[in-house]
Every structure is written in structure tokens, then in C-alpha cells.
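Participant: Dropping a prediction and its sequence here:
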Amino acid sequence: MSSTARPDDGGTSKSSAPGVSAADPLAPLAALPGVPEAVESVRKSVDRAYGHRIMRRRSSEVSAEAALRGARGTAAVEGVDWALEEVRRRSDFSVDEEARTVGAALRVTAEAGQLLDIWPQSPLRVLARLHLVAAGGVSAKDTVGRPRRPGEPVQGPDIGVDLPGADEVAARLDGLAQLISGNTSAPALVASSVVHGELQVLRPFGSFNGQVARAAERVVLISSGLDPKAICPAEVGHAELGHEEYTAALAGYASGTPEGMSEWIAHCGRAVELGVRESTAVCEAMQRGAA
């Protein structure tokens, strides 16, 4: 699915998917009703953000702010909705469960940007690393950085989707790895949505699955070339759209129906656009001298 980045490819990625045509595994999803429109809307939104005059001189500051806001957003999706300034000022993230959730969000969001070169060749290694960063020191040592085994529990908020067994998880993770390492002309929005949805539905780890899934979505959006400077935090949008809409769209992905898949991809597109809006507001504040 994601991976090989081509800055001039209009936000497409290179890859391949379980259970779909070997020639171009994600092509059927990219052609679903409403998906081309969502892809085009996201592309235009991202292009406008990259065209902002602040991006010429202060893009690294915008990226840093987007990472902070993305971390806050991914924690909010997990039910820990702290004010941005609270996330910014805190230094101790070990005092209670809420603080540990926010601390994990900050760590995993920061780590995602360090794993872009590894992702295309070793996606499962990246996922293990993301879980290690999120769960290290929080979850039981022998469960960190590896997929869950039969009978092991899964912690996290209810997402309204049945939990697959460990054997199914292992098989589908292998399929996802082949997808990422394969070859497709599907747009980055489609690829990132599939990675996010698959990981969230599978919940392959004993904890922090949502944060890992959204970090992987971030990796795909960046490495695909759609958002190379990481200024479009989809996590912000997922939080803003709310838990109810998130789980409803995720149920559509889990159903595997064309309608459900289309709605999930469109939902992820709206999340990216809301993330773009957030970073555009940051650029505007910088331009006014307010940030």
C-alpha cells in the first residue's frame, strides 16, 4: 500500500493488498463512488496549505506544531481530551492513566517521523517499534512490541467492532505487509485509510492499538509524498469528527462492503482536511505575529 514516495505523483503511493487484484490491489477502492472526489478535495486542500507564504520560511515550526496537535488529537480519540496548552506545558506523563495516554501519543507521533525509510521494506518492524514506544514502561514487558497471542486481552476504548482472533490477526498482518511492500497507483488517501482501518480493526497489540494505527496513517501520508513536511495532522480531524462518527465509519471499513469502504475513506479524507485547516490557522497566526 503506501511507501515509495514520489513528490510529483500527486499524492499516490506504491503498494499491494490482501484479497484484491494482484495487478493493482487498491485500484478497486480508489474507483469507489465518492472516493475520487475525496482524493481530489484532499489534494487541493493540502496544496493550498503548502502554498501558504509562511511555509517558505517557517515550515519546520509548522511541522512541529502539527505534531503536537496531532498527538493531542490521537489522545482525544482515545477519550483523553486535554487542552492543547496542557499538553504543551506538561512534563510528567506518568502520574495517572490519562497522563500516560497523552505521553504515549506524544512519543508515538514523534517516532513516526523517524521510521519513514524503514516502512516500505519492513512495515511490521515499524509497527512493533511504534507499539514499543507507546507502551514501553506502561504495559507488561512481555507484551510490548509484538502481536498478541491467543487468549491475551486487549486494552483500549470500545470501537464497536468484533475482536479478531490472534491467528486471523497474524494472517492479516502478513497480508498488510505485502500490501505495503507491493505496487499500486492508488492515491495516498486510499492507502493510508486502508492501513489505518486494518490496524484499528485488527487491534494486533495488547494496548495502544488506536494510537499505532493513526501513527501508521501518518507515516503513509508523509512517505507517499502527499504531506512530506508532516503539516496535515489527520489525528486532529479524527478527534474533531468525534468518537461516534469515527466508530460508525470504522464499522463500514470492517464490513468490507463497497459502501462501507467508501465511507471510511471519505471519513479519513475529512480528517486530513480538518488537520490541514488546523495547520493553516497556525500559519495565519504566525503571519500575524501571534505565534
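Facilitator: On my side now, so go ahead. Residues are numbered from 1 along each chain as shown.
Participant: how about the nearest residue to Phe208 once chain neighbours are set aside, what does it touch?
Facilitator: Distances taken as Cβ to Cβ, 6 or more residues apart in numbering place Ala134 nearest to Phe208, at 4.0 Å, with adjacent residues excluded. Where you see a C-beta, it was placed from the backbone N, CA and C, and this is true even at glycine. Neighbouring residues of Ala134 by Cβ atoms under 8 Å, 6 or more residues apart in numbering: Ala104, Ala105, Arg107, Val108, Ser207, Phe208, Gln211, Val212.
Participant: got the contact list for Gln211?
Facilitator: Residues counted as contacts of Gln211 (Cβ under 8 Å, 6+ apart) are Thr74, Ala75, Glu78, Ala104, Ala105, Val108, Leu130, Ala134.
Participant: ok, now with 6 Å
Facilitator: Gln211 is in contact with Thr74, Ala104, Ala105, Val108, Ala134, counting by Cβ atoms under 6 Å, 6 or more residues apart in numbering.
Participant: Run a quick neighbour tally on the nearest residue to Asp162 once chain neighbours are set aside.
Facilitator: Computed as Cβ to Cβ, 6+ apart, the closest residue to Asp162 that is not its neighbour in sequence is Ala254, at 7.9 Å. Look at Ala254: counted by other Cβ atoms under 10 Å, it has 22 neighbours.
Participant: close enough to count as contact, Ala254 and Val201?
Facilitator: Yes - using Cβ atoms under 6 Å, Ala254 is in contact with Val201, at 4.9 Å.
Participant: tell me, what's touching these two both at once?
Facilitator: Common contacts of Ala254 and Val201, defined by Cβ under 6 Å, 6+ apart, comprise Val161.
Participant: Can you give me the distance of Pro28 to Arg88?
Facilitator: Per Cβ to Cβ, to the nearest Å, Pro28 is found 43 Å from Arg88.
Participant: higher neighbour count, the two?
Facilitator: Pro28 (16 against 12).
Participant: quick one, phi psi at that one?
Facilitator: phi -60, psi -40 (degrees, to the nearest 10).
Participant: Ok, the one 4 residues further on next?
Facilitator: Here the main-chain torsion angles of Leu32 (degrees, to the nearest 10) amount to phi -60, psi 150.
Participant: can you check Ser94 too?
Facilitator: phi -120, psi 0.
Participant: Not counting residues beside it along the chain, what's closest to it?
Facilitator: Nearest one to Ser94, counting by Cβ to Cβ, 6+ apart, is Arg100 at 6.3 Å.
Participant: Name the next helix or strand downstream of whichever strand or helix holds that neighbour, please.
Facilitator: If you go by DSSP states H and E, Arg100 is part of helix 97-112. Following helix 97-112 in sequence order, the next helix or strand is helix 123-135 (DSSP H and E).
Participant: Pull out the buried positions in that next one.
Facilitator: For helix 123-135, burial by neighbour count (16 or more other Cβ atoms under 10 Å) applies to Pro123, Val126, Leu127, Ala128, Arg129, Leu130, His131, Leu132, Val133, Ala134, Ala135.
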